[in-house]
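1. model this:
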Amino acid sequence: MKSAVETLGPTRVRLTVEVPFDDLKPSVDAAYKKVAQQVRIRGFRPGKVPPRILDQQVGRGTILQEAIQEALPQFYGQAIRDNEVQVLGHPELEVTEFNDGDELKFTAEVDVRPELELPDYEGLPVTVDDAVVGDEEVNEQVDGLRERFAVLTGVQRPVETGDYVMIDIKSSADGEEIDAASATGLSYEVGSNYLAPGLDEALVGLSEGESKTFTTSLAAGPRAGDDIDMTVTVRSVKAKELPELDDDFAQTASEFDTLAELRDDVRQRLERVHRLQQGLQARDRVLEVLLERVEVPVPEHVLGDEVAWRKQSMQRQLEQAGLTEEAYAEAEGKSVEDIEKEIDDNARQAIKAQFVLDAIAAKEEFGVTETDLTEQIMQRSRQSGVTPEQLVGQIMQSGQLGALAGEVLRTKALALILEHAKITDESGNEIDLEALDIPGASSDGAETVEIAEVEVEETAYAEDDASDAETQEDAETATPTA
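-> Now for the predicted structure:
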């Protein structure tokens, strides 16, 4: 078999393959046996029909077509290995020339990994926010704690914003009651504005036992977006009373004796949160800085698959929430076109990031140990809520072990550049990641980094890439087109 590679672009090649008929003959023999098992010809048992009879009954062309369908993936896979092509996605195969007894010629167009010129990633400059805690933040936290110790007291007056009311709701449209949007004995905080547009305005000013009807719309369900009539009846009104902000409150709400000690503890906790946020910002921004310094062509087929995968994922989430894409976009203050552009941009950026991290992992010769995979599985198990044993079974059944290993390698690559980055806050102060409890991998990749802390975005491309690595070994998934 002979094969050659033609470069069609930075991310796509065409393989031209020529196969002597002698190399195809085993597949032809296998095709005769397969067809013999499938046909029923009088005087012959299944599987015992001679080739010359099959040629007469089903045609030699049918046998050859079956043989080519079976053999093409094998020859495609061999051509990939012979030419050391790193493919992405499935090929477009086309038989260009074949006559019975002569050589088979076909082409395969497929996306490939781009060759990248990696920039120097030692000491990448990264700027993060200052870890400054203002009095306003401390006050907000203390007020939140104060809210938790508030008590509700029944009042005999009209409803005000901030009150807690017990209400009945009855909804209807065109004179027909909507059970899914009706309720009795519902507790509601006036001003929270989470049930229905216009409800809070309707409640303010009502007294116990009074009702009011107003027009609103539903955000979810079969009538999402439709105008309906909603009648709300107030059953009881309670006002929230906050405790005095003094030393007695500090002793009740915490282990501290004074309000000043409580506020100081809150400030320290907020400072730790801000420092952790600095580490998370550094993780995200170091990759952004790196991507700005390298040209990364993105295969259009890979991008198209990634965008489709993300749209399907979003659509499933919207369906589970009972929302339409239009309603979601409106809630986000964007247009549907804005949402779709964000999906495209994020998909493109994620693919670029994976290409770059893969290249760094290869350059640094990182490896994946059994311990690496075990820790990754344990981390995924905690995130997904399934046992490690169940997760291992799912991974093995779906053939995603290669994708899992790829995630480990990318995580190590990201940890490496993060470890050696020059990180400062907006005031120019250097940030020590180790002091922030954000672990980094050692330069040889020996140390495993928790993906929860140094995380690489998972994409559909990561799964396809792993599958394609297997395709290079056996090429069983290729689908020819004559």
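2. What ranges does the protein have for its helices?
-> For the chain, helices defined by DSSP state H occupy the ranges 21-38, 51-57, 60-83, 135-148, 199-203, 247-253, 259-292, 300-321, 325-331, 336-363, 370-384, 388-398, 401-419, 460-474.
3. Show me the one of those helices that comes nearest Ala180.
-> Closest approach to Ala180 among those is made by helix 300-321 (14.6 Å; CB to CB). Heads up, the C-betas are built off the backbone N, CA and C, glycines and all.
4. Report the distance from the closest one to the chain centre.
-> In terms of CA atoms, centre = their mean, to the nearest Å, the centre of helix 300-321 is set 9 Å apart from its chain centre.
5. what helices or strands is that helix leaning on?
-> Contacts defined by 3 or more CB pairs under 8 Å, 6 or more residues apart in numbering; DSSP states H and E place helix 300-321 against strand 87-97, helix 325-331, helix 336-363, helix 460-474.
6. what residues go with each domain of the chain?
-> Under automatic domain parsing, the residue ranges defining each domain of the chain are 2-112, 151-241, 265-481.
7. do you know which of these lies nearest Asp135?
-> Of the domains of the chain, nearest to Asp135 by CB to CB is domain 265-481, at 8.9 Å.
8. Quick check: bridge partners of the residue lying closest to Arg285 once chain neighbours are set aside?
-> Nearest residue to Arg285 in three dimensions, chain neighbours excluded: Val126, at 5.0 Å (CB to CB, 6 or more residues apart in numbering). With DSSP bridges as the criterion, Val126 is bridged to Ile423.
9. what's the burial count for Val126?
-> 22 (other CB atoms under 10 Å).
10. next one: Glu306
-> 25.
11. Hmm, it is touching Asp345, no?
-> No: contact criterion CB atoms under 8 Å: Glu306 and Asp345 do not qualify, at 11.5 Å.
12. quick check: longest strand of the chain.
-> strand 227-241 (DSSP state E).
13. and that strand, C-alpha only, in CSV?
-> Extracted in CSV, the C-alpha atoms of strand 227-241 (Å, rounded to 0.1, in the frame of the first residue of the first chain):
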residue,chain,number,x,y,z
ASP,A,227,-50.4,37.2,29.9
ILE,A,228,-52.6,35.8,32.7
ASP,A,229,-54.9,37.1,35.4
MET,A,230,-53.5,36.6,39.0
THR,A,231,-55.5,37.2,42.1
VAL,A,232,-53.6,37.4,45.4
THR,A,233,-55.3,37.3,48.8
VAL,A,234,-53.4,38.2,52.0
ARG,A,235,-54.0,35.8,54.9
SER,A,236,-51.5,37.2,57.5
VAL,A,237,-48.9,39.9,57.7
LYS,A,238,-45.7,39.7,59.8
ALA,A,239,-42.9,42.3,60.2
LYS,A,240,-39.3,41.4,60.6
GLU,A,241,-37.6,42.7,63.7
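14. Listing request: residues of the stretch 151-300 of the chain with sub-threshold pLDDT.
-> Counting by pLDDT under 70, the stretch 151-300 of the chain contains low-confidence ranges at 220-221.
15. Could you do the stretch 1-150 of the chain as well?
-> Using pLDDT under 70, the stretch 1-150 of the chain has no residue that qualifies.
16. 80 - rerun?
-> 42-43, 46-47 (pLDDT under 80).
17. before we move on, back to that, so for Val159, which of the helices of the chain sits nearest?
-> Using CB to CB, the helices of the chain put helix 199-203 closest to Val159, at 5.0 Å.
18. Check which helices and strands the closest one sits against.
-> Helix 199-203 packs on strand 211-217, strand 227-241, going by 3+ CB pairs under 8 Å, 6+ apart.
19. Turn those into a markdown table, including distance to Arg293 and mean neighbour count.
-> What follows is the helices and strands packed on helix 199-203, written out as a markdown table (distance: least, CB to CB, whole Å; neighbours: other CB atoms under 10 Å):
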| stretch | distance to Arg293 | mean neighbour count |
| --- | --- | --- |
| strand 211-217 | 49 | 14 |
| strand 227-241 | 53 | 17 |
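20. Among those, which comes closest to Gln397?
-> strand 211-217 (44.7 Å).
21. Partner strands of that closest one and their direction?
-> strand 227-241 (antiparallel).
22. tilt between the partner strand and helix 135-148?
-> For strand 227-241 against helix 135-148, the angle by axes from the mean of the first three to the mean of the last three CA atoms, to 10 degrees is 90 degrees.
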